[in-house]
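Trainee: I would like to see how this sequence folds:
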Amino acid sequence: MFNRFIYTHVNLKDLFIIRKEITCFSSSLFPSRSDVDPGQQMKILNQKKQFKQAIDLFNREKQKNTKQLSSLTIQQALKACIQLRDVQRGQDIHHLIQNRLKTDSSLVKSLIHFYMQCHDVKSAEALYNMSTEKTLYIYGTMMKGYIENQMSEKAIDLFKHANNPDEVLITLLFNACAQLPSEQSLNLVKNIWKKYHTTSLLNNHALTSLTDALMKCGDVKNAEVVFDKSPNKILPMYGAMIKGYIKNQMPEKAIDLFKHVNNPDAVLITLLFNACAQLPSEQSLILVKNIWKQYQSTYLRNNHVLTSLIDALMKCGDVKNAEVVFNKSPNKVSPMYGAMMTGYIKNQMSEKAIDLFKQVNNPSEVMIILLFKACAQLPSEQSLNLVKNIWKKYQSTSLLNNHALTSLINALMKCGDVKNAEVVFNKSPNKVSPMYGAMMKGYLVNEMPSNTLHLYHQIKNNKSTQSNVIIYLLAINALSQVAIASECQSIVDEIPQHIFSNDKISNALIDMWGKVGCVEKAEQVFNRLSSIDRIGYTSMINTYGINGMGLKAVKLFDQVPQSLIGDSTYVSVLNACSHSGLVDKARSIFTNIEMKTEKNYITMIDCLSRGSFFDEAQQLIDQYEQNHSPSPVMYMSLLSGARNQKNKDLAEKIYQNMKKLFPQLSNLLTPAAILLANVYASSGELEKAFSVRNQLSKSGAKKKPGLSWTAVNGEIYRFHAHDRSHPRSSDIHLESEKISQELILHGHEYDSTWITRPLGEDETIESVLCGHSERLAIAWNFVVNPNAKIIQITKNLRICGDCHQATKLIAAIRQCEIVIRDANRIHHFDKNGRCSCNDYF
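Mentor: Numbers count the residues shown, from 1 in each chain. Below you'll find the model as predicted:
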C-alpha cells in the first residue's frame, strides 16, 4: 500500500521518493511479494521512460499466467509499445486479450489509443464499432485520436453521436473545430457555447479551448466576450487569447494583454516575443529586452523561449543582441539555429546565415531550406556550388521534401542555373503549386518570360491554380516583361472573376497594361478599385510616366494622400518628370522629400542629366556622397545624359571617374565603355570609338546582346541583331531591304554615329543599322501581314537614335501604328510620323 501511495502522487518533483524506496526492491528492481501489482510497477517504469524494462516485466508476468494479467498491466504494456513504436507487439497483445474486450471497456479504450497513436485509424475504428458499451471515455479516446491524426471532421461527426457529453468531450470538440476553422465549425462552437454556458461543463479548460476555437475561426469579438466574462482567468486562457491575437494579425492587443499578467509562465513569454516579432518597432524591441532582463535567470533557460527571443530580436533588427543570446545558450537546439539563420536573411546578412549553417553537423529540413534561401539572396558562383553540393548530399533523403525542393529551385534560378533548376523540377514526382511558382518566378528572374507563360498554360486548368493568386501574379508579371497586348488580353480573359477582386491582382494588371502601352486599360482597372493603396497609385503614376504622359503623372501624384506616398511613389513621379522633361516640377517634388533615399537621388540626377543640367546633377552626387558611398547608377545616369548631348569631354571625365571608383564592377564598366564609344562615334572620332570596343573585346567583356520580340498571329517571335535563324529569314531580310529603300526615298539618312565598331568587308552602314533586332521584328510583321495596322515590339536595350528616326518614318509610310517598349520607356509611333516621347529619350 505504501508503494501505491507513492505512485499515486508521483510527478517529476517526487521521483526522488521513489528512488529512496528502491532499496526495498529485489535485484530485479521490484519485490517478489505477491501483494505488489505489476501494473503499478510498469507504470513507474513508464513514467521514468524505461519502456523496454516495462515490456520485459510484462513478458515475465505473461509467462506466469496470461489470464491473471490485470487491466492496468495490459494498459501499461500498450503505453510502452506506443513509446517504443512496437506495433507488432501491440497487435500481439490485442490478440492475447481479444476475449476480454466485450466485458472490459477500459481495454478497448487502451487499444483504441494504441492504434490511434500508431496512426492505424482503421483498426481503432474497427474496435470502436465492435464495442457494445461505448462509454464517454471511448468517445473521448476516438475524438482525441482523430484530432491527433488530422481528421477533425470525423471527431466532430463522432461528437454529434454522444448523447450527454462531458467537459472532456466538449473540450475535444472545441479543439477539433480549432483544427478545422470554417464557418460551419464556428457555428457549431457557438451553438455548444450557448447550450452549455450556464453549466459546470464549461470549466476553465473547456473555456480555454473555446477561446482558442473562436480565435482560430476568426471570431475575435466573441473570444474576447468569453475571456472577459470568465471569473477565473488561468494562464492557459491568457495564452489562448494572446496566441489568437497573433494569428489574427493583432499583435498590439497581444502585447497589451500580456501586460495584465502578473506572473507569466514560459508559454506566455514565448508568445509575447512572437507578438513583438510580428510588430517590429523600437517599442517592441525595448519590451523584449526588458522581459529578457527580468526573466533571464528563470524562464529564459527554456530553449523554446530562447528561440522566440532570438527571433524577436532579429525581427526588430537587433542582430547584435540576438547573437549574444545565441552564443550564451549552452544547449543550441536546431530551432535556435533556424531563428538565427532566418534573422540573418531578414537583415540582409546571408553570408552569416551560410557560415552558421556550416557549423551544423546534422541539419534539419528547415535549416536546409534556409540555406537555399540565403544562397538565393546572395547569388554567386560560391553560393551555387554550395547549393549543388547540398543537393547532391541529401537528394536521396527525406530532408529534400517538397518545401526544400521548392527553395532549391529558387536558389538555382537566382544563381542563374536554369538547367539544373529544370532538372530538379522535372524529376520531382509530386509537383506542388509552390514548385511551379518557383519555376515561373525563376524564369522571370532570368528574363525568360515565355517559359513562365508556357508553365502557366500547363497548369491553368488545375483546381489548385484556379484559386492560387500567386500563379496568376507571376503570369501577369511575365506578360509585363513580354509586353505584347494580344497575349496579355488572352490570358487576362482566363483569370477567374473571384481572382480579379484581389488588390494585388488589380495592381499588377495596372502595371502590366502600363508596360504594354495600353494606358486606357490601365486606367479602367485603376478606376474600378474600391480603395486605392500605395501600390495602386504608384503603378498608375508609373504607367503615365513610361508612356510619356508626365503631366498626368504629376496631376495624379498631387491627389495621393500623404500617408500613401512612399519611396517608390517618389521614384515613379520623378521618373515621369524625367521622361517628359518636367525638370522644374521634379526639383519641387525632390526638395519636399523629407527622407531622401538613394533611388530618389538617382532618379533626380537622371532627370537633370536628360535636361543637360550636368553641374546641378554633379552637385547632387557630391551632396549624396557626403554621407554615403558612391552610387554607380548615379554616374551611369550622368554618362547617359552626356551621350545624349554628345558631350565628349564630360563623358570621358565621368568614365575615368567611374573606373577609379568602381574598378571591380565589370558589369557596370562594360555598358559605361559602350556609352563612351557611342559619344566618340557621335563626335566623329571613330578611331577612339573602335579603340574602346577593341579594348572591351580583348578583356573578354561582352556587350549585352540586343533582343526584340513581337507577336504575329498569336505567336511570339524573338530576334537578335542580324538574326538569320528564322525559317523565313530570307523573306524578312528582303522586306527589311524594301523598307530601307522606302526610307531613303523619303529622305532618311543612316546615322553612322550609332555604329561603334569597324565595318566588315561585306557590310555597309545601311546593312548594319537595318540588322538591328527591332528592324527585323518590324519586317517580319509586314511579311506576314503586309497591311498591318498596329505592330508591337519589346526590346531589352534602349532604342538607338537611327532606329527611332527610321521607325517614325516607317509608321508614316506604311500607315501603321508601331509601339516599341525599350529598356527605359514606351515609344508610341503614330501614322503621322511622330513619337510620344517627342524625341526626348
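Trainee: strands of the stretch 601-750 of the chain, residue ranges please.
Mentor: Assigned by DSSP state E, counting those that start in this stretch, the stretch 601-750 of the chain shows strands spanning 707-712, 715-720.
Trainee: do the chain as well
Mentor: For the chain, applying DSSP state E gives strands covering 707-712, 715-720, 790-795, 817-821, 826-829.
Trainee: nearest to Asn461, out of those strands?
Mentor: strand 715-720 (21.1 Å; Cβ to Cβ). (Glycine included, C-beta is placed from N, CA and C.)
Trainee: next, the angle from that closest one to strand 790-795.
Mentor: Orientation check (axes from the mean of the first three to the mean of the last three Cα atoms, to 10 degrees): strand 715-720 against strand 790-795 gives 50 degrees.
Trainee: so which elements touch strand 715-720?
Mentor: Packing contacts for strand 715-720, counted by 3 or more Cβ pairs under 8 Å, 6 or more residues apart in numbering; DSSP states H and E, involve strand 707-712, helix 773-784.
Trainee: could you say which of these is packed most deeply?
Mentor: Highest mean neighbour count among these (mean count of other Cβ atoms under 10 Å): helix 773-784, with a mean of 24.
Trainee: show me the contact partners of that one.
Mentor: For helix 773-784, contacts defined as Cβ atoms under 8 Å, 6 or more residues apart in numbering pick out 706-710, 712-713, 717, 719-721, 723, 726, 728, 731-733, 735-736, 739, 769, 788, 791, 793, 795, 799, 803, 806-807, 810, 814, 818, 820.
Trainee: write the PyMOL selection for whichever of those residues are buried.
Mentor: Buried subset of these, written as a PyMOL selection, criterion 16 or more other Cβ atoms under 10 Å:
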select buried, resi 706+707+708+709+710+712+717+719+720+721+723+726+732+733+735+736+739+769+788+791+793+795+799+803+806+807+810+814+818+820
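Trainee: hang on, the earlier thing: least confident of the helices and strands packed on strand 715-720, on average?
Mentor: When the helices and strands packed on strand 715-720 are compared by mean pLDDT, strand 707-712 comes last with a mean of 92.
Trainee: that one pairs with which strands, and in what direction?
Mentor: Strand 707-712 sits in its sheet next to strand 715-720 (antiparallel), strand 790-795 (antiparallel), going by DSSP bridges.
Trainee: thinking again about what came up before, can I get the helices and strands packed on strand 715-720 in a markdown table with distance to Thr538?
Mentor: Putting the helices and strands packed on strand 715-720 into a markdown table (distance: least, Cβ to Cβ, whole Å) gives the following:
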| stretch | distance to Thr538 |
| --- | --- |
| strand 707-712 | 27 |
| helix 773-784 | 29 |
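Trainee: what's next to stretch 761-768, contact-wise?
Mentor: Outside stretch 761-768, the residues within contact range by Cβ under 8 Å, 6+ apart are Ser740, Tyr750, Ser752, Ile755, Leu759.
Trainee: report the buried residues of that stretch.
Mentor: Neighbour-count burial for stretch 761-768 [16+ other Cβ under 10 Å]: Ile765, Glu766, Ser767, Val768.
Trainee: then stretch 258-274?
Mentor: If you call a residue buried by 16+ other Cβ under 10 Å, then stretch 258-274 has these buried ones: 258, 261, 264-274.
Trainee: with stretch 745-755 instead?
Mentor: For stretch 745-755, using 16+ other Cβ under 10 Å, the buried residues are His748, Tyr750, Asp751, Ser752, Thr753, Trp754, Ile755.
Trainee: can I get those residues in CSV with distance to Ser106 and pLDDT?
Mentor: Formatted as CSV, these follow (distance: Cβ to Cβ, whole Å; pLDDT from 0 to 100):
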residue, distance to Ser106, pLDDT
His748, 98, 95
Tyr750, 98, 94
Asp751, 96, 90
Ser752, 98, 88
Thr753, 96, 83
Trp754, 92, 86
Ile755, 94, 84
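Trainee: quick one: closest of the strands paired with strand 707-712 to Cys835.
Mentor: Closest among the strands paired with strand 707-712, using Cβ to Cβ: strand 790-795, at 13.5 Å.
Trainee: could I get the closest one in CSV with only the CA atoms?
Mentor: What follows is strand 790-795, C-alpha atoms only, in CSV (Å, rounded to 0.1, in the frame of the first residue of the first chain):
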residue,chain,number,x,y,z
ILE,A,790,-0.5,48.1,-85.4
ILE,A,791,2.8,46.4,-84.6
GLN,A,792,4.0,45.9,-81.0
ILE,A,793,7.6,45.2,-80.1
THR,A,794,9.5,44.8,-76.8
LYS,A,795,13.3,45.4,-76.7
